[in-house]
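Undergrad: coords below, sequence missing:
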């Protein structure tokens, strides 16, 4: 009987090594209810009580050995089958992806949102004001009386003698100060209008972003610090800013503000026209006349204001050379942002 | 303002400073330099030469061979084609290798076999005109005056005083004092810490007993428009060209030399910033000058021979009969200085800036003079300018200055005195500048600091408050020395309003749904209302109208953003862009009935699509936006909106409030934009959408019990809206109807003309138990009963 078991084991193990082995048939043949090993076990009754446990143990060992070998073989086959399938399923990863529609933010909005986020982080709110505005807010309240030469530099669209299309976002300053008492920290992005014919660098409609801070003890160095923080976040940590004296009727002192060229870092290049600096902002300390006009005591409070052209910043930033592209809305342009 | 550096050096010496450094420094102290031009920089190796001998060219009937004395040793042979040369003529000669303007290079060469070692130059070849070289032939070789005979070999730039640099300044409107050489010299001196030397002009008395009162009286009849009027008379005038140095300085400043008297007025304007005028005295009627308002409709011919009709807002300088000058703007043709002028009146006055500005604008002639006056000039400067003009008359020997001066100066402006508060300046600027340094800076700007007060000079009307003084100190101290600090103050909330935040949410959702954002002009042509077929009586045709538009295309503020969207869609179609989906978040402007009030500015969200989109693509986007707003909307067919397809247009309402209109654009409208493919658009009132939105998101527990679905198919009339079938089913299903979905719609021969087959799936679920088949049957029966009763529908067999 022992020999029989030994034979069964060797036969089964050798069959399992064969390449075309049918593992399920093999299992049935040897280990099934009518299998050879089962048949041997059934014949155990003929053995002496002494032999029985010995042969029984051997039979169990043979069974375990065959089962183990079978399991290995089955696992191998499964793995091979999987590998074959995976190999068949190989894809050409260089083929283009299935298009999934994605809309694009207009570059002006993109720049505007970016700026808004920077100032919101510094505690600013976003103020809005009308585009069709009273002369008073656009000019008079900003220390630009009638026949002031500054009115020449901003050729204005008029609706009536008294109502115009705002030529700057600065009127929002006045509206905010009339409504709200300090502390004030607002920015106001929006559309402005000047009667310039449309060409590559001029548009009768463009966007500005105004900023206003009024509080006790606000200094000109706070203005510089605030704009420097903005410039670094907007154009990169290495960015420097430069103040040049200038004149605006509604700020005193006033400055034109340059940022170091973010393309060449200030060495001079095509973008900054060899200057190393790019003018992007007008700024200054709010004129006491303007504060007084809005009911804020300039002896107690001081403040600063700044304004910049969104198109200019966006054009410099993305290397756009024609302002008309913003308003043509050619999808091939829009999809680049 | 163009500044001749040579002229500047009359008043402050900065000849040791490199021109680039000079320009940078002045820009940083507030006088912005736009650029500079080294005059004659393009000219090289051109010298003063004398023609010693002329021989005809053996092989040419027009060329001549000149032997030139160029101031050193051997004669130089130059062949010329010019006919105005003669032996002994002194001329500019370009000697190889020489460079001339416009990139011309002169080399040795042969002309018809004869060697030529250079070229004789005309004025044009040196970039000069008859204005700089009066009395010279324009087309021939420039024949220099004999006095150049002792300058043979001298560089022509030096000989003709071309060796100057002109710096172009952009002066801000608050600093008319800097529209002058002396003003810029003062800024230069303050910027570099140099001494400013301005001599007081003086005229020697003629002492012939003649005096100005023998010629003239002046009366100011409009003292609100003329603050001061000073005049002097010059007799025995000898009109001639100005000397070269004066002509060249005017040229460098961009002013054309004319004759000595006119040049003097321009020279003084440039040097002192005081516009001057010169009249031909003999052309005046009578001896009384009246400074008066023009009569309405009064005619006036200006120096440039243009006729103007004046009105009473304008100030004129008149004699007893006529206007002789438009005050501060331009003189009249009737009293112009001509070659035969013998007696001249010099006017040096101060006019009201606003009035000059309006007058110049109304008459369409902005002049160097009006550009200065309109910024508000200093009446104290009149006399210095007048005396300088007379001093120049003496210097140029242009006439005899009659003794005495007329000076009508009704109200002298008081000097501004401001408190000197150094601690406050520092606190305001965030600086730590010493008091002594502040005093130095102010003194260098001619502001006298004494006993805690600042005495502001009369030419600085712009200095009126603490901020102004702080700026003066800061700009000379250096804007670059301002440190950067963080604001130390009460915390502010910051952030966006709920509406602004919702706007961004909506935009982000639209990007996610594949729509590209556009921005279009807010002003349009009124014709656009025709293009979208707005009815003649539509309220939207009443727009805010621009009174001075650039053109008809941009003449009214839009009351609808639809035309702008359609235009952009059309443009993209022309560019062959496929499958375009766009949106614009823009404003519309609805005028108030009361035109003295501002219009209502509303926010409209406009969507537009063509290509792989249809009505339901658009509706899907709108449904998503309403879901974002958590608003329950109803959709109603609209057949009478003339911009849209009558069978493919819907109105979206939340409650009673209309939120949007959308659909396929009417084919005629599409055709108006030159498009034949279907266009889809939506006009969403963003303000209404926001008002209808509820921020209230509430969690609904996930279902615990399984649902049962039942499918229904009906054949119905084409006209029956699926929406009404669904609402009947929902009503019948009651609380246990979780939803009804359209899963198939079918039309075809089998069904019959004008009919459609609609298949809907209803989901039924109970909240507290597993729904049984019996439950579902009961509901199904109710649904079928109601559908038949209300819509006459029976299940498809």
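TA: That came through fine. None of the values given here were measured: they were computed from a predicted structure. Numbering: from 1, shown residues only, chains lettered A, B, ... in the order given.
Undergrad: any chance of the backbone angles for whichever residue of the stretch 451-600 of chain B sits closest to chain A?
TA: Residue nearest to chain A within the stretch 451-600 of chain B: residue B:514 (2.7 Å; C-beta to the nearest C-beta). For glycine as for every other residue, the C-beta is placed from the backbone atoms N, C-alpha and C. Dihedral pair for residue B:514: phi 90, psi 20, per degrees, to the nearest 10.
Undergrad: any idea how the chain splits into domains?
TA: As the question left the chain open, I've gone with chain A. For chain A, automatic domain parsing gives the domain ranges A:2-88, A:107-334.
Undergrad: other chain: chain B
TA: Taken from automatic domain parsing, chain B resolves into B:2-39+B:164-192, B:44-159, B:212-408, B:417-481, B:498-692, B:708-791.
Undergrad: select, out of those, the one closest to residue A:216.
TA: domain B:417-481 (10.9 Å; C-beta to C-beta).
Undergrad: how near is the most far-flung residue of chain A relative to its centre to residue A:93?
TA: Going by C-alpha atoms, centre = their mean, the residue of chain A most distant from its centre is residue A:48, 84.2 Å out. When distance is defined by C-beta to C-beta, to the nearest Å, residue A:48 is 70 Å away from residue A:93.
Undergrad: likewise residue B:212?
TA: Distance from residue B:212 to residue A:93, by C-beta to C-beta: 98 Å.
Undergrad: identify the residue nearest residue B:192 in space, chain neighbours excluded?
TA: Excluding its sequence neighbours, the residue lying closest to residue B:192 (C-beta to C-beta, 6 or more residues apart in numbering or on different chains) is residue B:14, at 6.0 Å.
Undergrad: so that neighbour touches residue B:22, yeah?
TA: Yes. Residue B:14 is in contact with residue B:22 according to C-beta atoms under 8 Å; the separation is 6.1 Å.
Undergrad: tell me the residue of the stretch 251-400 of chain B that sits nearest chain A?
TA: Counting by C-beta to the nearest C-beta, the stretch 251-400 of chain B gets nearest chain A through residue B:354, at 3.3 Å.
Undergrad: assign that residue to helix, strand or coil.
TA: helix (DSSP: H, G, I helix; E, B strand; the rest coil).
Undergrad: was I right about it contacting residue B:374?
TA: Yes. Contact criterion C-beta under 8 Å: residue B:354 and residue B:374 qualify, at 7.4 Å.
Undergrad: which intervals of chain B have sub-threshold pLDDT?
TA: B:797 (pLDDT under 70).
Undergrad: which one of residue B:354 and residue B:374 has more residues nearby?
TA: More crowded of residue B:354 and residue B:374, by other C-beta atoms under 10 Å in any protein chain shown: residue B:374, with 28 against 18.
Undergrad: so the nearest residue to residue B:242 once chain neighbours are set aside: helix, strand or coil?
TA: Nearest residue to residue B:242, sequence neighbours excluded (C-beta to C-beta, 6+ apart): residue B:263, at 4.3 Å. Using three-state DSSP, the structure places residue B:263 in helix.
Undergrad: can you count the residues close to residue B:263?
TA: 23.
Undergrad: following the helix or strand bottoming out on mean pLDDT in chain A, which helix or strand shows up next?
TA: Across the helices and strands of chain A, mean pLDDT, DSSP states H and E gives its lowest value to helix A:150-153, namely a mean of 66. Following helix A:150-153 in sequence order, the next helix or strand is strand A:163-165 (DSSP states H and E).
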